[in-house]
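**Q** below is the structure, and that's it, no one-letter string:
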């Protein structure tokens, strides 16, 4: 193999490592806030359940709304600008939490934190797709996602420890410092946007057509996972277990193993096939959990759901990038990543409504219908792609 070919297919470069480090520092900062913001609202600010919900949700609200706009900025102004600006907004707003003496003020700062999240996350995700060779994008997305899982695994317990021993102000400053480190590492990565996309990006759509189907597929995949994570602790008690800690540990372990040791699986299977397998696994998993109401059913369904989630997200991102021109990568990643926010909000809410009207088992079965809808959409997309290829082949032959 020539030196040029080797360089072109290389994935783990110094830039890729720096980008992974920036993402890890950012998600660590994010993880520090997960358990501490609610405790601060309920404690120091004397807020009730509604206040806690509003303050926590403010972050997701602004992040959700701004992701497509972040994608457009990423395409027009570059990935480095979005990562640096987003990281600075995140760090500055979190550092200011200590001056918030009311629920309203903290909620306003959380909106700004969500703005920072939208721009940093979309910028980093798009930069990763720029750095990854096309034939190794599934592996790149899998490895990149590990920074999120590690950050959200280490951040919450560290945040609780700092909160209990040093107070909320120290947590805010440590989180802001970690986000600041993410900015410095992102600046070290530099600009990754292809030069040929600079002019074309001015004409990119806010919501590209290439992103619509992948966004719906990701919504269908994450919907069930969000409901599972929200309600499996209670469902485990319904089935007579003492808790769901081991189940959640096993679920996360399966995702981490497949995203690391099996990072190249989506590349080898292909994006479309991997998406169908992932949604099939998720559908069956949710049916098993909700229909086979036993410890064995819960364990088997949890394992199968872990496989589906581990394969599905990288494959759906791959599918989106296959359909997207280079000048719309940021807009595509911004739109597709919106589905994660939507699913994390709507999935548990709809699960709760179904469970309130029936029981939690039927909540899982309802979530299975959403995953099944995604599977049907993925299957139709595959058949359409085959039809288009056949027509192209006939045209070329003619």
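**A** Cool, the structure landed. Note that the structure is predicted; figures quoted are calculated from it, not measured. Residues are numbered from 1 along each chain as shown.

**Q** which residue is nearest the middle of the chain?
**A** Centroid check for the chain by Cα atoms, centre = their mean gives residue 340 as the closest residue, at 5.5 Å.

**Q** residues near the closest residue to that residue other than its chain neighbours, how many?
**A** Of all residues not flanking residue 340 in the chain, residue 222 sits nearest, at 5.6 Å (Cβ to Cβ, 6 or more residues apart in numbering). C-beta here means a position set from N, CA and C on the backbone, and glycine is covered the same way. As a burial measure, residue 222 scores 26 neighbours (other Cβ atoms under 10 Å).

**Q** what segments of the stretch 251-398 of the chain are helices?
**A** Here the stretch 251-398 of the chain has its helices, by DSSP state H, counting those that start in this stretch, at 265-269, 271-291, 295-323, 329-357, 360-397.

**Q** figure out which of those is closest to residue 153.
**A** For residue 153, the closest of the helices of the stretch 251-398 of the chain is helix 295-323, at 14.8 Å, according to Cβ to Cβ.

**Q** re earlier: and the helix or strand in which the residue nearest to residue 340 is found, which residues are buried?
**A** Per DSSP states H and E, residue 222 falls inside helix 209-238. Applying a neighbour-count criterion of 16 or more other Cβ atoms under 10 Å, the buried positions in helix 209-238 are 210-211, 213-232, 235-236.

**Q** buried sites along the helix or strand where residue 140 lies?
**A** Using DSSP H and E, residue 140 maps to helix 137-165. By neighbour count with 16+ other Cβ under 10 Å, helix 137-165 contains the buried residues 137-152, 155-156, 158-160, 162-163.

**Q** roughly how far apart are the spatially closest residue to residue 28 that is not a sequence neighbour and residue 14?
**A** Nearest residue to residue 28 in three dimensions, chain neighbours excluded: residue 151, at 4.3 Å (Cβ to Cβ, 6+ apart). Distance, residue 151 to residue 14, by Cβ to Cβ, to the nearest Å: 21 Å.

**Q** quick check: end-to-end length of stretch 35-50?
**A** 16 Å (Cα to Cα, to the nearest Å).

**Q** can you give the contact residues for it?
**A** Stretch 35-50 has contacts (Cβ atoms under 8 Å, 6 or more residues apart in numbering) with 51-52, 55-56, 97, 100-103, 106, 110, 156, 159-160, 162-163, 168, 171.

**Q** just after the lowest-mean-pLDDT helix or strand in the chain, pick out the following helix or strand.
**A** One helix or strand of the chain scores below all others by mean pLDDT, DSSP states H and E: helix 3-9, with a mean of 45. The helix or strand immediately downstream of helix 3-9 is helix 14-42, counting by DSSP H and E.

**Q** give me the buried positions along that next one.
**A** Buried, per 16+ other Cβ under 10 Å, within helix 14-42: 15-16, 18-33, 35-41.

**Q** how does the chain divide up, domain by domain?
**A** With domains defined by automatic domain parsing, the chain comprises 11-190, 209-397.

**Q** including mean pLDDT, could the ones you listed go into CSV?
**A** Output for those, formatted as CSV (pLDDT from 0 to 100):
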stretch, mean pLDDT
domain 11-190, 89
domain 209-397, 83
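
**Q** residues contacting residue 322?
**A** Neighbouring residues of residue 322 by Cβ under 8 Å, 6+ apart: residue 271.

**Q** pLDDT score for residue 207?
**A** Residue 207 carries a pLDDT value of 69.

**Q** renumber starting at 11 from here on
**A** Sounds good: first residue 11 from here, last item residue 217.

**Q** quick revisit: for the residue nearest to residue 38, what are its contacts?
**A** Here residue 161 is in contact with 33, 34, 35, 36, 37, 38, 39, 40, 41 (criterion: Cβ under 8 Å, 6+ apart).

**Q** hmm, 7 Å instead?
**A** Contacts for residue 161 (Cβ atoms under 7 Å, 6 or more residues apart in numbering) come out as 34, 37, 38, 40, 41.

**Q** so which of those comes closest to residue 283?
**A** Nearest to residue 283 out of the contacts of residue 161 is residue 37 (Cβ to Cβ; 29.4 Å).

**Q** residue 105: neighbouring residues, count only.
**A** Using other Cβ under 10 Å, the number of residues around residue 105 comes to 18.

**Q** and it, which of the three is it?
**A** Secondary structure for residue 105, judged by DSSP: H, G, I helix; E, B strand; the rest coil, is helix.

**Q** which residues does stretch 361-381 contact?
**A** 230-231, 233-234, 237, 240-241, 244-245, 248, 289, 292-293, 296-297, 299-301, 303, 357, 360.

**Q** out of the helices of the stretch 261-408 of the chain, which comes closest to residue 94?
**A** Taking Cβ to Cβ, helix 339-367 is the member of the helices of the stretch 261-408 of the chain nearest to residue 94, at 14.8 Å.

**Q** and that closest one, how far out from the chain's middle?
**A** Distance of helix 339-367 from the chain centroid (Cα atoms, centre = their mean, to the nearest Å) equals 11 Å.

**Q** list the buried residues of that helix.
**A** Here helix 339-367 shows 339-354, 356-358, 360-361, 364-365 as buried, counting by 16+ other Cβ under 10 Å.

**Q** between that helix and helix 219-248, what angle do the directions make?
**A** Angular relation of helix 339-367 and helix 219-248 on a 0 to 180 degree scale: 30 degrees, by axes from the mean of the first three to the mean of the last three Cα atoms, to 10 degrees.

**Q** residues of the helix or strand harbouring residue 69 that come out buried?
**A** For residue 69, the element it lies in under DSSP H and E is helix 59-87. Along helix 59-87, these residues count as buried under the neighbour rule (16+ other Cβ under 10 Å): 61-62, 64-66, 68-74, 76-87.
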